[in-house]
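[1] Fold the following for me, if possible:
(one chain, ligands or ions: 2)
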Amino acid sequence: QYTTTTTSTTSTTDIITPLERVGAHSHIHGLGLNDLLEALPENESNLVGQPTARRAMGLVFKMIQQGQLGGRAVLLAGPPSTGKTALAMGLSQEIGEAVPFVHLSASQVFSRDLSKTEALTQAVRRAMGIQIVEETEVLEGEVVEIQIDSFAGDNKGKKAGKLTLCTTDMETIYDLGHKMLEMLRTEQISAGDVIRIDKGTGQIRKLGRSFTRSRDYDAVSSTTKFVPTPEGEIQKRQTITHMVSLHEIDVINSRQQGFLALFAGDTGEIRQEIRDQIDVKVAEWKEEGRATLVPGVLFLDEVHMLDMECFSFLNRALESEWAPFVVMATNRGLSKIRGTDYISAHGIPVDLLDRLMIISTQPYSVDELRQILQVRCTEEQVEMTPTALELLTRIASETALRYAMHLITMSQLQAERKKRSIVELEDVELCYQLYYDVKRSTKLLMEYQNQFLFNELSVEQEEEA
Ligand code: ADP
Ligand code: ADP
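    Numbering: from 1, shown residues only. Ligands and ions are numbered 1, 2, ... in the order given. So this is what the prediction gives:
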């Protein structure tokens, strides 16, 4: 049943979504470190400040590169808007697409039709990549001639023929059946094309037109790709690597679901027996050298939203032999563990905290805030006068960075309405008045709370306010 998986998962590399490039972080292109893992102040990654945390994430990156991850986890801890998500995005950009990167917000664990542990199990298995190597025999060469024999009488309509292929070193003639001829026709292959035929499946691919034919003007269109005539033997061995995640193999092999569920995104619960069988199978492939396990990264945001059951699940998952590298993030200090009355650092139980390396992020200086806002303006293609940017920076330092970032887009719209291409001070001012930040909104609520529905403040609290 499972041996079929390799073929059915061909070219699923792109199903692993490395990480959604969320708009808010689209400006981040890496961690911006030098070879010694020191944070570069000016860099192409667009990450600003936070040198210690970046360095620490750099070491994480090195560990991932060297595959030394099993069961390790880090916790990014710091106030809101101090770049925790940005750092995780930077890490994902550094590791590239060869290693799976899964982003899960703790609230997603609760909001699906799945049980909490099932949602976490799926996330963990999605972060475990399996590289499958297949060897196939291919014929690769330049088409010298295609000869089609027509038949008369009983076999009328049937076709057979001969295909002559060459490399720089040799030339061979192959007999072709009806099916292969049809395929050559639908692929519009003619003399002078360089092609590859998969001997196993009989599939034909056109790699391009031979350079030697580049002077045949009439056969050339603007989209024609020229390639050199292959060298050496026509018959070659070719290795193809596929990357799939454990979760994809689970889904494909779970009977009720089938692989179409991968595209619908609705995979439902997967039975434990299936997972166990797959683990056994993958372990066998590993033994035989047909597959390599590639532990990826699971980024768990808002981790304080998880409850005891989830934490104990994570504890166990981290001990397992096949575990991804887990990066957690939280903006809570000492707080209650969800669903209990216990107070713990970051709202995480001590036994899990014990396993985590904690990376702390610090609030930004005014200069750093200005730099981040500047980067965002460039990213959103917004031009702003220096005084407008200065005001925005002040707003960011006195309210919140995220709020100031939203004002960039709003001010741009306002400027456009006034038919200006550059955002000026008054645009930012107006937007600041139009859209409240949390602080002002809270103040307003305190002042006018009697007029709102569901006023829950007690009389004493009102007096305090
Ligand atoms: P957190 O996850 O700590 O609440 P975010 O990473 O979401 O904060 O940061 C808020 C916004 O500021 C995001 O749009 C993020 O991309 C941006 N940002 C935060 N820190 C940096 C930084 N050091 N360099 C560039 N952009 C940053
Ligand atoms: P617990 O289950 O009590 O939380 P663990 O058994 O996970 O603790 O121990 C934590 C780590 O220390 C593990 O890596 C374990 O292998 C190691 N360890 C604990 N006790 C010993 C011991 N007596 N000898 C060798 N290694 C130990």
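
[2] which other helices and strands contact the one helix or strand Gln277 maps to?
    Per DSSP states H and E: Gln277 is located in helix 272-287. Counting contacts by 3 or more CB pairs under 8 Å, 6 or more residues apart in numbering; DSSP states H and E, helix 272-287 packs against strand 128-150, helix 246-253, strand 291-295. All C-beta spots, glycine's among them, are computed from the backbone N, C-alpha and C.

[3] buried stuff in it?
    For helix 272-287, the neighbour count (16 or more other CB atoms under 10 Å) marks Ile274, Arg275, Ile278, Asp279, Lys281, Val282, Trp285 as buried.

[4] so what pLDDT did Ser8 get?
    With respect to pLDDT, Ser8 scores 32.

[5] what's the spacing between the helix holding Gln277 and its chain's center?
    25 Å (CA atoms, centre = their mean, to the nearest Å).

[6] got the angle between it and strand 128-150?
    Relative orientation of helix 272-287 and strand 128-150, computed by axes from the mean of the first three to the mean of the last three CA atoms, to 10 degrees: 70 degrees.

[7] Run through who's touching helix 272-287.
    2, 5, 121, 125, 130, 132, 246, 249-250, 253-254, 291-293, 322 (CB atoms under 8 Å, 6 or more residues apart in numbering).

[8] relative to helix 246-253, how tilted is that helix?
    Put simply, helix 272-287 runs at 120 degrees to helix 246-253, going by the same axes, to 10 degrees.

[9] Now helix 272-287: average pLDDT?
    In this model, helix 272-287 has an average pLDDT of 88.

[10] Residue of the stretch 251-400 of the chain nearest ligand 1, please.
    Among the residues of the stretch 251-400 of the chain, Ile372 lies closest to ligand 1, at 4.5 Å counting by CB to the nearest ligand atom.

[11] what sits against Thr385?
    Per CB under 8 Å, 6+ apart, neighbours of Thr385: Ile422, Val423, Glu424, Leu425.

[12] my read: the second one touches Pro386, true?
    No: between Val423 and Pro386 there is no contact, the gap being 11.0 Å when judged by CB atoms under 8 Å.

[13] higher neighbour count, those two?
    Val423 (27 against 8; other CB atoms under 10 Å).

[14] Okay, the more buried one and ligand 1: tell me how far apart.
    18 Å (CB to the nearest ligand atom, to the nearest Å).

[15] Over to Gly177: give its phi and psi.
    Main-chain dihedrals, Gly177, degrees, to the nearest 10: phi -90, psi -180.

[16] Can you give me the neighbour number for Thr85?
    The burial count assigned to Thr85 is 20, neighbours taken as other CB under 10 Å.

[17] a helix runs through it, doesn't it?
    Yes: counting by DSSP: H, G, I helix; E, B strand; the rest coil, Thr85 is found in a helix.

[18] Relative to His346, how far out is it?
    Between Thr85 and His346 the computed distance is 16 Å (CB to CB, to the nearest Å).

[19] May I see the buried residues of stretch 92-107?
    For stretch 92-107, by 16+ other CB under 10 Å, it's Ser92, Gln93, Glu94, Ile95, Val99, Pro100, Phe101, Val102, His103, Leu104, Ala106.

[20] oh sorry, the question was meant for stretch 166-176
    Applying a neighbour-count criterion of 16+ other CB under 10 Å, one finds Cys166, Thr167, Leu176 buried in stretch 166-176.

[21] Which one of those is nearest to ligand 1?
    Thr167 (51.5 Å).

[22] Find the nearest non-adjacent residue to that closest one, please.
    Closest residue to Thr167 apart from its sequence neighbours, by CB to CB, 6 or more residues apart in numbering: Pro230 at 4.7 Å.

[23] do Arg394 as well
    Distance criterion CB to CB, 6+ apart; nearest residue to Arg394, sequence neighbours excluded, is Val366 at 8.0 Å.

[24] Residues in contact with stretch 179-196: which ones?
    So stretch 179-196 is contacted by 138-146, 148, 159-161, 163, 165, 176, 202-210, 212-213, 216, 219, 227, 229-230 (CB under 8 Å, 6+ apart).

[25] can you pull out the strands in the stretch 1-150 of the chain?
    Under the criterion DSSP state E, counting those that start in this stretch, the stretch 1-150 of the chain carries strands at the ranges 73-77, 101-105, 128-150.

[26] What residues does whichever residue of the stretch 1-150 of the chain sits closest to ligand 1 make contact with?
    Residue of the stretch 1-150 of the chain nearest ligand 1, by CB to the nearest ligand atom: Gly83 (2.7 Å). Contact analysis of Gly83 by CB under 8 Å, 6+ apart lists Leu47, Gly49, Gln50, Ala53, Thr361, Tyr364.

[27] May I have the beta-bridge partners of Val138?
    Counting by DSSP bridges, Val138 is bridged to Asp198, Lys236.

[28] Do I have it right that it meets Thr239?
    No: Val138 is not in contact with Thr239 according to CB under 8 Å; the separation is 10.6 Å.
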